[in-house]
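> I'd like to go over a predicted model; first the sequence, then the structure.
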Amino acid sequence: MSILSLKPTNTHPSKRRSQFTKLAIAYSFILPNLIGFLIFTLIPMVFSLILAFMNWDGANQISWAGLENFSQMLRDETFRISLGNTIAFVALNVPLTMAASLGLALLLNQPLRGRNFFRTTFFFPYVASLVAVAVVWNMLFFPSAGPVNSVLSMLGVQNPPRWSASVDWAMLTVVMASVWRGMGYYMIIYLAALQNIPTILYEAAAVDGADTWQKFRYITLPMLTPATFFISVMLTIASFKVFDLVMVMTGGGPGRATNVLVIHIFNTAFKEFRFGYASSIAMVLFVMVIGITVIQFYMERRWVNYQ
Amino acid sequence: MASLFNQRIGKLLPVALVLILIFTAFGGASAQDQVNLRMTVWDLATTPYWQALVDAYTAQNPNVTIELVDIASAEYQNVVNVMLSGGDDVDVITVKDIPGYSGMLTRGQIIPLNDYIKTANIDLSLYSGAAEELTYEGSIYALPFRSDIWILYYNKAIFDAASLPYPTNDMTWTEFEALARKLTTGSGADKIYGAHFHTWRSTVQLPTVQDGKNIVIAEDYSFMAPTYNMVTSMQHDGIIMDYGELKAGNIHYSGPFKNGQVAMLPMGSWFIGSLIAAQNKGEFDFPWGIATYPHPDGVKAGTTAGTLTSLAINKASKNQDAAFRFIQFYSSVEGAKVLASLGNLPAIRTPEVLEVFAAVSGVPAEAQTALQTTTVRLELPMHPNVGSYEQILNEEHELIMTGSVSVEDGIAEINRRVAELPK
């Protein structure tokens, strides 16, 4: 910190030089990372930002488009559908994943036999290959002979849903796979937070005659709010960016039923070669994610409890 | 500090000298017409003909070396596009399909070959129409070497068990449907399906353009209704496997056929090679045959649809003349024989080439007659906006086949969306 805040002052030349050396040494430490960041993140981002106002097919001259890309978005039906699908995915995925991971964390925070085994098991989907996860989920939810529908028909369900092969159920199928995949990771964060709650609070509450629900409602939940806040921000951003799972499970289909924004960006850029238009959609997505994150941070002080 | 600097130089100097020597050595060789060509290909390890053709050419031309740039087939066109956009000077580009061709052509990344063809005096009629399909606004940007056509595969064991005659080389789609209905038997795990339509859009849409009156780039797609009605009714009656399940299970067409679950499979001729290999490995043991692709009523037998694999030259290539000489060999009768001897259908299908193909061990006896075609329609025509059309057609195909919309509504939706495309 002291190195970075140093300003060249009119002191003795040799002192100034040593300051410069210090600064150079400091920067040389972050240089390897900085170079990677510049080449692979910052420059492409700035380029994409500029490209949002251009027309480019990836080969010929880039031409100025002004706001045309953005006005085209208003007329683009696939963009509207993808936006709606993305919002639906976020609205389902964020609360469901949070509820599932909190439930798991509470369960696996109990002194159970084989607790570590179950913790590892639930974390496993997060590190498993995504393509394998998607293929297995499609097999589980196979419309006619899949295990899920076999169970459903045994239970007497007349026309079990056709899951990823049906326009009405495809999104829910993807969300379920996404919840299953993500919950183990967020469970770990909740577990860490749970273990940080001082047991003295529960002991004091027990002395005052609080029951289990009251302990959960008035101690556990408030003490978990920092973790909940962190998870909600990270999960919202991740859900807006969803691409891989949808691509492998449904490819955006049937029709456009699960076509989310990033799939639309991918198709526009790499199938139709409209890099300018794709960049402008990416920018809209970026602004949306930033906007929602800012709102989340603004709301933070109202409900997050840093004890 | 200074001594450290000198030490460094002392160490680096020999390395630099060696590098300079290497560069001059290469420079000297290139002056003696030593050419190294780079060519983009896909799935090198599982596609034997790439190396075979290179070996055949370099045996005759020892001054040429050819370096194959291997790319995974599913990502092929994306990778090539990125390479070309980045200014890569790869010399020969294998053109995998028409959308890729249209794209590279309209972006000016591949060069017209007309002058070369004229100078080399190449007879384009040898390619039986394929060269015309690759011609855009009077210029041709690639020479075809491989051409796959759609044919009908059938499981002889199922036909024998049902005591029905094998499909002929002159069968209409109406006859095909009636035959499929007769061949469907059993239920559950033992069910035999009369026919199989893979999940690709083309399996249903190709028969709609066989008559040559319409192409897949259109304004009004009502011409597709009869075939969609036929296929959806077959699906509804359980004559073919359910589209949604094939899609959800990501089931490759080879599975149901090799398992003996389907009697007839309309598919491209590229499947011949895989079937022979699978049979040799003992993956299945029933006899199978091939017949000409069924045709609509009133269309001449032998009319089918096909894809072209061709070769183009990168605009940024520094060895364009040498690259053309290589392409010329690749797409000649001589190259075609090398290709055919490995069980692939070349773009040139003269009787002598087909003879080489039929002699490959495992190729069904019917091949020589079944592969004789009268007219080959391109799966996708040349069009600058072909990617957008394909996107719409794929999405609506999925909706129709999953029963999410009726045939009529699906086609109306295609018409509406195509009309809104930027012209």
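That came through, no problem.
> quick one, strands of the chain?
Unless you meant another one, I'm taking chain A. Assignment of strands within chain A using DSSP state E yields the ranges A:54-55, A:63-64.
> if you could check chain B rather than the one you did, that'd help
B:35-42, B:64-71, B:92-95, B:135-136, B:139-140, B:143-155, B:193-195, B:262-268, B:288-292, B:303-313, B:375-378.
> Between those, which one is closest to residue B:210.
strand B:303-313 (5.3 Å; Cβ to Cβ). (Glycine included, C-beta is placed from N, CA and C.)
> Packing partners of that closest one?
Where contact means 3 or more Cβ pairs under 8 Å, 6 or more residues apart in numbering or on different chains; DSSP states H and E, strand B:303-313 is packed against strand B:92-95, helix B:98-106, helix B:130-133, strand B:143-155, helix B:201-209, helix B:320-330, strand B:375-378.
> Throw those into CSV and include mean neighbour count, thanks.
Conversion of these to CSV gives the following (neighbours: other Cβ atoms under 10 Å in any protein chain shown):
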stretch, mean neighbour count
strand B:92-95, 26
helix B:98-106, 22
helix B:130-133, 20
strand B:143-155, 25
helix B:201-209, 22
helix B:320-330, 21
strand B:375-378, 20
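> Just send those back as TSV, with distance to chain A and mean pLDDT too.
Shown next, in TSV, are the helices and strands packed on strand B:303-313 (distance: least, Cβ to the nearest Cβ, whole Å; pLDDT from 0 to 100):
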stretch	distance to chain A	mean pLDDT
strand B:92-95	13	95
helix B:98-106	6	86
helix B:130-133	22	84
strand B:143-155	22	92
helix B:201-209	12	93
helix B:320-330	18	94
strand B:375-378	19	79
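> Nearest spatial neighbour of whichever residue of the stretch 51-200 of chain B sits closest to chain A, chain-adjacent residues omitted?
Closest residue of the stretch 51-200 of chain B to chain A, Cβ to the nearest Cβ: residue B:107 (3.4 Å). Spatially, and ignoring its direct neighbours in sequence, residue B:107 is nearest to residue A:59 (3.4 Å; Cβ to Cβ, 6 or more residues apart in numbering or on different chains).
> Wait, the one you found touches residue B:83, no?
No: judged on Cβ atoms under 8 Å, residue A:59 makes no contact with residue B:83 at a distance of 11.2 Å.
> hey, what's in contact with both of the two?
Overlap of the contact sets of residue A:59 and residue B:83 (by Cβ atoms under 8 Å, 6 or more residues apart in numbering or on different chains) is empty.
> For chain B, which residues are neighbours of chain A?
B:78, B:81, B:84-85, B:103, B:106-109, B:242-245, B:247-250, B:387-388, B:390-391, B:395-396, B:398-399, B:402, B:404-405, B:417, B:420 (Cβ under 8 Å from any Cβ of the partner chain).
> Let me know how buried residue 86 is, in neighbour terms.
Assuming you mean chain A. By the measure other Cβ atoms under 10 Å in any protein chain shown, the count of residues near residue A:86 is 23.
> if you could check chain B rather than the one you did, that'd help
Count around residue B:86 with other Cβ under 10 Å applied: 9.
> what's the spacing between it and residue B:56?
Residue B:86 is 31 Å from residue B:56, where distance means Cβ to Cβ, to the nearest Å.
> Also residue B:45?
19 Å.
> Looking only at neighbour counts, state which of those two leads.
Neighbour totals were compared for residue B:45 and residue B:56, and residue B:56 leads with 18 against 8 (other Cβ under 10 Å).
> Can you pull the residues of the stretch 101-250 of chain A lying near chain B?
Close to chain B, as judged by Cβ under 8 Å from any Cβ, the stretch 101-250 of chain A has residues A:135, A:138-139, A:141-144, A:162-167.
> that older thread, show me which of the residues of chain B next to chain A are buried.
Using 16 or more other Cβ atoms under 10 Å in any protein chain shown as the burial test, the residues of chain B next to chain A include B:81, B:84-85, B:103, B:106-107, B:109, B:242-245, B:247-249, B:387-388, B:390-391, B:395-396, B:398-399, B:402, B:404-405, B:417 as buried.
> Just the ones in helices from those residues, please.
B:81, B:84-85, B:103, B:106, B:243-245, B:247-248, B:387-388, B:390-391, B:395-396, B:398-399, B:417 (DSSP state H).
> Domain-wise, how is chain B divided?
B:2-148+B:307-358, B:150-305+B:376-419 (automatic domain parsing).
> Of all these, which one comes closest to residue A:93?
domain B:150-305+B:376-419 (20.5 Å).
> shaky segments in chain B?
Applying pLDDT under 70 to chain B picks out residues B:1-32, B:423.
> residue contacts, the residue in chain B that chain A sits nearest to?
Residue of chain B nearest chain A, by Cβ to the nearest Cβ: residue B:244 (2.8 Å). Residue B:244 is in contact with A:143, A:162, A:165, A:166, A:254, B:401, B:402, B:403, counting by Cβ under 8 Å, 6+ apart.
> Rebuild the residues you listed as TSV, extending it with distance to residue B:379.
Formatted as TSV, the contacts of residue B:244 follow (distance: Cβ to Cβ, whole Å):
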residue	distance to residue B:379
A:143	29
A:162	29
A:165	25
A:166	29
A:254	22
B:401	18
B:402	23
B:403	25
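> Check the stretch 201-307 of chain A for the residue nearest chain B and tell me.
Counting by Cβ to the nearest Cβ, the stretch 201-307 of chain A gets nearest to chain B through residue A:255 (3.9 Å).
> I misspoke; the intended subject was the stretch 1-150 of chain A.
Taking Cβ to the nearest Cβ, the stretch 1-150 of chain A has residue A:59 as its residue nearest chain B, at 3.4 Å.
> tally of neighbours for that residue?
Residue A:59 has 17 nearby residues by other Cβ under 10 Å.
> That one and residue A:161, how far apart?
Residue A:59 is 45 Å from residue A:161, where distance means Cβ to Cβ.
> Nearest to residue A:157 among the domains of chain B would be which one?
domain B:150-305+B:376-419 (17.4 Å).
> Span of that closest one from start to end?
30 Å (Cα to Cα, to the nearest Å).
> next one: that domain to chain centre, how far?
17 Å (Cα atoms, centre = their mean, to the nearest Å).
> now swap in stretch A:240-256 and tell me
With Cα atoms, centre = their mean, you get 15 Å for stretch A:240-256.
> would you put the C-alpha positions of it in PDB?
Extracted in PDB, the C-alpha atoms of stretch A:240-256 (Å, rounded to 0.1, in the frame of the first residue of the first chain):
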ATOM      1  CA  PHE A 240     -27.600 -14.500 -16.100                       C
ATOM      2  CA  LYS A 241     -24.500 -16.000 -17.800                       C
ATOM      3  CA  VAL A 242     -26.000 -19.500 -18.100                       C
ATOM      4  CA  PHE A 243     -24.900 -21.100 -21.400                       C
ATOM      5  CA  ASP A 244     -23.100 -24.400 -21.200                       C
ATOM      6  CA  LEU A 245     -25.700 -26.500 -19.400                       C
ATOM      7  CA  VAL A 246     -28.500 -25.200 -21.700                       C
ATOM      8  CA  MET A 247     -26.400 -25.700 -24.800                       C
ATOM      9  CA  VAL A 248     -25.600 -29.400 -24.000                       C
ATOM     10  CA  MET A 249     -29.100 -30.300 -22.600                       C
ATOM     11  CA  THR A 250     -31.400 -28.700 -25.100                       C
ATOM     12  CA  GLY A 251     -29.400 -26.500 -27.400                       C
ATOM     13  CA  GLY A 252     -31.900 -23.700 -26.700                       C
ATOM     14  CA  GLY A 253     -34.800 -25.800 -27.800                       C
ATOM     15  CA  PRO A 254     -37.300 -27.200 -28.400                       C
ATOM     16  CA  GLY A 255     -37.700 -24.400 -30.800                       C
ATOM     17  CA  ARG A 256     -36.600 -21.400 -28.700                       C
END
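> Return the set of buried residues in it.
Neighbour-count burial for stretch A:240-256 [16+ other Cβ under 10 Å]: A:240, A:242, A:245-256.
> now stretch B:299-313
Within stretch B:299-313, the residues scored as buried using 16+ other Cβ under 10 Å are B:299, B:301-313.
> Could you save those residues as a markdown table and add columns showing distance to residue A:79?
Shown next, in a markdown table, are the buried residues of stretch B:299-313 (distance: Cβ to Cβ, whole Å):
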| residue | distance to residue A:79 |
| --- | --- |
| B:299 | 40 |
| B:301 | 46 |
| B:302 | 45 |
| B:303 | 40 |
| B:304 | 38 |
| B:305 | 33 |
| B:306 | 35 |
| B:307 | 32 |
| B:308 | 34 |
| B:309 | 35 |
| B:310 | 35 |
| B:311 | 38 |
| B:312 | 34 |
| B:313 | 38 |
